[in-house]
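**Q** A predicted structure for the sequence below; I have some questions about it.
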Amino acid sequence: MENTDEQLKKMINLAQAGDSQAFASVYDLYIGKIYNFIFYKTLHQPLAEDLTSQTFLKAWKNIKQFQSGSFSAWLYSIARNLVIDHFRAQKEFLNIDDCWDLQASDDIFKEVDDRLKIEKIKTAFSQLNSKEREILILRFWQDLSFKEIALILQKNEGAVKMSFGRAVNALKKEMPLELFILAPLILNLWKKIN
């Protein structure tokens with residue numbers, strides 16, 4: 001049986017030739033990961049759904065431009081750029097890269113039960129810069145390799161590892177690392193109750 005990398009290459013080649021069923025298979029492989037990545041950056045379910053949809057529409061429209069390398073990194077880059085473009089259009093955000101730098105008057109977690117520890121995660125995350133947050137999300141919550149993260153962020157792998165190490169050390173001062181690693185589960189619970 002063929003390995004999944006070979007199957008993915010075949011599906012991408014077929015999609016580039018106009019096969020929408022092949023692209024649907026690629027979509028099925030990545031929809032959950034791309035949605036979660038966008039949700040963790042926006043913390044807004046309808047927005048994450050919309051930007052995920054836009055990501056795949058843009059990928060389908062531009063699939064012929066993908067040449068080689070990591071398809072996953074190409075897809076994450078599209079998603080990342082759409083999130084940045086969205087926040088760039090929103091003046092009330094301090095940082096256009098993600099939602100973690102909301103102005104103090106915007107307390108989107110007010111209704112969340114204290115036992116979910118969202119405030120602790122938000123506080124700890126706000127101490128990091130947006131690149132560090134993004135690296136942690138991609139590494140811990142999306143389980144991407146440093147090489148893939150470097151491709152997505154268009155940085156060298158060594159710089160990504162160094163930023164990752166600094167971010168983990170800073171995060172450990174603010175909260176138990178276990179809580180951060182479990183944060184996607186906590187955020188998903190929050191997503192379900194809102």
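**A** All right, it came through fine.
**Q** residues touching residue 24, list them.
**A** Counting by CB atoms under 8 Å, 6 or more residues apart in numbering, residue 24 makes contact with nothing. Just so you know, the C-beta spots here come from the backbone N, C-alpha and C atoms, and that holds for glycine as well.
**Q** Quick one: mean pLDDT for the strand or helix carrying it?
**A** Per DSSP states H and E: residue 24 is located in helix 20-42. pLDDT averaged over helix 20-42 equals 91, rounded to a whole number.
**Q** Determine how far that helix lies from the middle of the whole chain.
**A** 11 Å (CA atoms, centre = their mean, to the nearest Å).
**Q** Flag every buried residue along it.
**A** Within helix 20-42, the residues that qualify as buried are 22-23, 25-27, 29-30, 33-42, counting by 16 or more other CB atoms under 10 Å.
**Q** next SSE after that helix?
**A** Towards the C-terminus, the helix or strand next in line after helix 20-42, according to DSSP H and E, is helix 45-61.
**Q** so residue 134 makes contact with residue 153?
**A** Yes. Assessed by CB atoms under 8 Å, residue 134 is found in contact with residue 153 at 7.0 Å.
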